[in-house]
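Trainee: quick one: sequence plus predicted model below, questions after.
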Amino acid sequence: MAMHGKKYRSVAEKVKNDADYSVADAISFLQENPTAKFDETLEMAFRMGVDPAKSDQAIRSTVALPHGTGRNVRVIVFATGDAANAARAAGAAEVGFEELIEKVLGGWTDFDAAVATPDAMKEVRKVARVLGPRGLMPNPKTGTVTDDTAAAVNQLKAGRVEFRMDRNGNIMVPFGKRSFTADALLENAKALMDAIVHAKPASAKGTYIKRVTISSTMGPGLRVSLKEISG
């Protein structure tokens, strides 16, 4: 088990393990108690009460963070013709079709999101074994399979992030940088919580969200009060 450094331990000792924090208080704590010299990312982790083994209880969607994530989002686009030109004009990191598919098949995954036009998907499915496990496969449910490639690229670069439940029933999503204002982080966090609530599968029974924690890249996790999450 990895040993935490002195800075982490000194911050972790301040965390109230017997109490739930409000989202605002958790954000303030992490902003006031940095554990790294760089601008840490703040992340929200959800422990879900649905069965990850049941396909009808899968959770996967997107959320537009009003203040973005604070990082440059590298988007690639599988497209040809006008859709490819539109994607380049919108600032896609790389645009192509067969040659881009070959590059990804070769193991290249130096990007944060992938978009494809519907007519490109037949060939793009060849890279599913590379992109699927990384959560990067274009999907109509998340708006990444579309003819409007420019809109998709713009939304992803502006702060639309995808979230999905993993095989252990957890969802982890970054929602900003420690350097953001407290209000910006709070608005991003609330947008994320609302999106998780709205993504509730129709077949879900019982407690939907069991636990929520907020942490920074190198910092401890703070348990958030579920009272702030409607639904």
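Mentor: Received it, and whenever you're ready, just let me know what you need.
Trainee: relative to its centroid, which residue of the chain is most remote?
Mentor: Distance from the centre of the chain peaks at G81, with 30.0 Å (C-alpha atoms, centre = their mean).
Trainee: how about S61: what's its closest non-neighbour residue?
Mentor: Spatial nearest neighbour of S61, excluding adjacent residues (C-beta to C-beta, 6 or more residues apart in numbering): A199 at 4.3 Å. Bear in mind the C-beta positions are built from the backbone N, C-alpha and C, glycine included.
Trainee: how many neighbours does that neighbour have?
Mentor: 21 (other C-beta atoms under 10 Å).
Trainee: for L100, see how far away it is.
Mentor: Look at A199 and L100: by C-beta to C-beta, to the nearest Å, they are 30 Å apart.
Trainee: picking that back up, for the residue farthest from the centre of the chain, give me the pLDDT.
Mentor: On the pLDDT scale, G81 is placed at 96.
Trainee: and if you look at M3?
Mentor: At M3, pLDDT is 52.
Trainee: geometric centre of the protein: which residue is closest?
Mentor: Mean-position check on the chain, C-alpha atoms, centre = their mean. Result V173 at 4.0 Å.
Trainee: is that one located within a strand, as I assumed?
Mentor: Yes: judged by DSSP: H, G, I helix; E, B strand; the rest coil, V173 forms part of a strand.
Trainee: how many neighbours does V130 have?
Mentor: 17.
Trainee: okay, and it sits in which element?
Mentor: Element membership for V130 (DSSP states H and E) is helix 128-131.
Trainee: just the mean pLDDT for that helix, thanks.
Mentor: In the prediction, helix 128-131 has an average pLDDT of 92.
Trainee: downstream neighbour of that helix in the secondary structure list?
Mentor: As assigned by DSSP H and E, the chain's next helix or strand after helix 128-131 is helix 149-158.
Trainee: what angle sits between the helix or strand just after that next one and helix 149-158?
Mentor: Toward the C-terminal end, the helix or strand that comes next after helix 149-158 (DSSP H and E) is strand 160-164. Per axes from the mean of the first three to the mean of the last three C-alpha atoms, to 10 degrees, the angle that strand 160-164 makes with helix 149-158 is 80 degrees.
Trainee: what residues sit buried inside strand 160-164?
Mentor: 160-164 (16 or more other C-beta atoms under 10 Å).
Trainee: how about stretch 105-113?
Mentor: Under the neighbour-count criterion of 16+ other C-beta under 10 Å, stretch 105-113 has 111-113 buried.
Trainee: in strands, which of the residues you listed appear?
Mentor: Taking DSSP state E as the definition of strands, these contribute A113.
Trainee: and which of the buried residues of stretch 105-113 is nearest to A151?
Mentor: A113 (13.3 Å; C-beta to C-beta).
Trainee: surely that closest one and A158 touch.
Mentor: No: applying C-beta atoms under 8 Å as the test, A113 and A158 come out as separate, 11.8 Å apart.
Trainee: what are the pairing partners of the helix or strand hosting G176, and which direction each?
Mentor: In this structure, G176 sits in strand 170-177 according to DSSP H and E. Using DSSP bridges, the strands paired with strand 170-177 in its sheet are strand 41-48 (antiparallel).
Trainee: contact partners of the following helix or strand past the strand holding G176?
Mentor: Next along the chain after strand 170-177, taking DSSP H and E as the criterion, comes helix 182-198. By C-beta atoms under 8 Å, 6 or more residues apart in numbering, the residues outside helix 182-198 that reach it are 23-24, 27-28, 31, 42, 44, 46, 59, 61-67, 163, 171, 173, 175-176, 180, 208-209, 212, 214, 228-231.
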